[in-house]
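1. Requesting a structural model of the entry that follows:
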Amino acid sequence: MSSEKYDVVVWGATGFTGKWVAKHLFDTYGADNNELRWAIAGRNQVKLNEVADFIGDVDGNIDQLTADSNDEASLIELTSQTKTIISTVGPYAYYGSILVKVCAEHGTHYVDLTGEVPWMREMIDAHQAAAQDSGAKIVHSCGFDSVPSDMGVYYTQKIATGKFGQPLQKINYNLMKMKGGISGGTIASMMNVIELAVKDKKIRRVLANPYALNPDKAFKGPDKGDQTSAKFSADLGRWSAPFMMAGINTRIVRRSNALMSYAYGEGFKYQEVMVTAEGAKGYATAKAIAVGTKAMMLTSLTGVGRKFLGLFLPAQGKGPEVDPENPGFYHIQFNGRTADGQVLVTKLLGDADPGYGSTSKMLAEAAVCLALDELSTQGGFWTSASALGDPYLERLQRNGGLSFEVVKSA
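-> Numbers count the residues shown, from 1 in each chain. This next block holds a predicted model:
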């Protein structure tokens, strides 16, 4: 038996995503289950009581812990009680750095759902050595950013290696359909990254680098940038548009490749897009998305613009309306090709809104995987594919509402 009291603690359980993470753990693993020992944590005891009501813990069997993001001593006390901590407290550049430092130094495994590439780069550079020494496995971006991308590519390359005896040299991620909203925490993180980038050219350089998260900062690969305009996809016979999460997801996938000793090849190419339709209608939609994305980015460059956008976007701690009878979904297709022209197409289906329902399940199962499964990785900063691999792939399909399937192999 481990000396820690808990296997998993949900930090930030009182936030929008945090309470859904807690609900998934309660619904999946219960309150009194020898399989998983877990607790919820936050700053405010009253709000923690509300979370207990929300998840259905009427008997108060789930322990509630309090701490402060800005108080290192309280975070040391919190993390010392658990094998793995889930952090949903963002923007992470404001509220997450001390917790990562504490976990790295004291050997507590850690997962989050950040999409803040410059902050991840900063944390890796600052705490990689400490995490390696302590044995802490730090895994960023375990929500819709960037598990479907990272694990979808992992699955597709796994199939390709088995079928063709070689990895795919190129994969395109195509978001075919999606129904769901976006959480205020995600918006706050995005706005924070943009605000910091406006002030700091070093951050702008990180954001512009397709390989910004690779362990070797000097690595130069074939990918040059993310799609910014409407383009016709010959693979699909349909038009495609920029995907706003590509700037995060592609960096994570490329880091996974590097961490796995370039299992996909040093010349591996990877891009992400949204798919619209055929013909003039598809072009018009893709063009509108491209123009709208650019307009939003330009508007967000100023403080006045960010305040204006805040009038229409969810505030931090809020999220989309939740309808249990219609929980949302997404469909992603991966089109891959080997160096000698062999083709593989796979698809990934998520059974819930990517902004909260699916994200909460992926994040929770990543933490459970770190806490309970036998993993070959040692301490350090990892990605979901490089750290969790096959055990996580199995958990995502068993408990995470994801399904992976081969569509075409030739």
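2. from memory F308 sits against S300, does it?
-> No: applying Cβ atoms under 8 Å as the test, F308 and S300 come out as separate, 9.1 Å apart. All C-beta atoms are positioned from the backbone trio N, CA, C, and that covers glycine.
3. Show me which of those two is the more surrounded one.
-> Neighbours were tallied for F308 and for S300 using other Cβ atoms under 10 Å; the higher tally belongs to S300 (21 against 13).
4. From L196, how far out is that one?
-> Look at S300 and L196: by Cβ to Cβ, to the nearest Å, they are 12 Å apart.
5. again with D57
-> D57 is 38 Å from L196, where distance means Cβ to Cβ.
6. what's around the closest residue to I182 other than its chain neighbours, how many residues?
-> Sequence neighbours aside, G355 is the residue nearest to I182 in space, at 4.7 Å (criterion: Cβ to Cβ, 6 or more residues apart in numbering). Residues near G355, counting by other Cβ under 10 Å, number 25.
7. Three-state assignment for G355, please.
-> coil (DSSP: H, G, I helix; E, B strand; the rest coil).
8. going forward, begin numbering at 47 instead of 1
-> Okay, using 47 as the starting number, the last item reads as G401.
9. Check the gap between it and P164 for me.
-> G401 is 22 Å from P164, by Cβ to Cβ.
10. and if you look at G403?
-> 28 Å.
11. These two: who's more crowded?
-> G403 (25 against 21).
12. quick one, what contacts the nearest residue to the more buried one once chain neighbours are set aside?
-> With sequence-adjacent residues excluded and distances taken as Cβ to Cβ, 6+ apart, G403 is closest to P373, at 5.2 Å. By Cβ atoms under 8 Å, 6 or more residues apart in numbering, P373 lies in contact with D397, A398, D399, G403.
13. Can you point out the helix or strand that includes P373?
-> Assessed by DSSP states H and E, P373 sits outside every helix and strand.
14. swap in V199?
-> Assigned by DSSP H and E, V199 falls in helix 193-210.
15. Going by neighbour count, which residues in the following helix or strand past that helix are buried?
-> Counting by DSSP H and E, the element after helix 193-210 in chain order, helix or strand, is strand 216-225. For strand 216-225, the neighbour count (16 or more other Cβ atoms under 10 Å) marks K216, I217, N218, Y219, N220, L221, M222, M224 as buried.
16. as a whole number, average confidence for strand 216-225?
-> Across strand 216-225, the average pLDDT comes to 96.
17. Tell me where the model's unsure across the chain.
-> 47-48, 79, 229-231, 360, 362-368 (pLDDT under 70).
18. rerun at 90
-> Applying pLDDT under 90 to the chain flags the ranges 47-50, 77-81, 136, 225-247, 249-250, 252, 338-373, 401-402, 454-456.
19. so is the residue of the chain most remote from its centre in a helix, a strand, or just coil?
-> When distances to the mean C-alpha position of the chain are computed (Cα atoms, centre = their mean), the maximum falls on A326, with 33.8 Å. Three-state call for A326 (three-state DSSP): helix.
20. now the one 3 residues further on
-> Judged by three-state DSSP, the three-state class of Y329 is helix.
21. how close does it sit to R284?
-> 10 Å.
22. Kindly report the same for E324.
-> Taken as Cβ to Cβ, the span from E324 to R284 is 5 Å.
23. filter the contacts of P373 to the buried ones?
-> A398, D399, G403.
24. Against which helices or strands is the helix holding V199 packed?
-> Judged by 3 or more Cβ pairs under 8 Å, 6 or more residues apart in numbering; DSSP states H and E, the packing partners of helix 193-210 are strand 216-225, helix 292-305, strand 375-383, strand 389-396, helix 403-418, helix 430-444, strand 448-455.
25. Just give me how far the fourth one sits from the chain centre.
-> In terms of Cα atoms, centre = their mean, to the nearest Å, the gap separating the centre of strand 389-396 from the centre of its chain is 19 Å.
26. now the longest one
-> Averaged C-alpha coordinates place helix 403-418 at 11 Å from its chain's average position (Cα atoms, centre = their mean).
27. what about the strands in the stretch 97-246 of the chain?
-> 109-112, 128-133, 155-158, 183-185, 216-225 (DSSP state E, counting those that start in this stretch).
28. Same list (those strands) but as CSV, adding distance to T429.
-> As requested, the strands of the stretch 97-246 of the chain are exported to CSV (distance: least, Cβ to Cβ, whole Å):
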stretch, distance to T429
strand 109-112, 28
strand 128-133, 16
strand 155-158, 11
strand 183-185, 7
strand 216-225, 15
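29. wait, which of the ones you listed is closest to V414?
-> strand 128-133 (7.9 Å; Cβ to Cβ).
30. How far does that closest one sit from its chain's centre?
-> Using Cα atoms, centre = their mean, the offset of strand 128-133 from its chain centre is 16 Å.
31. and it, which strands flank it?
-> strand 52-57 (parallel), strand 155-158 (parallel) (DSSP bridges).
32. out of E324 and R284, which sits in the busier spot?
-> R284 (18 against 12).
33. roughly how far apart are E118 and L124?
-> 11 Å.
34. ok, now F265?
-> Counting by Cβ to Cβ, the gap from F265 to L124 is 36 Å.
35. And T207, by the same measure?
-> From T207 to L124 the distance is 41 Å (Cβ to Cβ).
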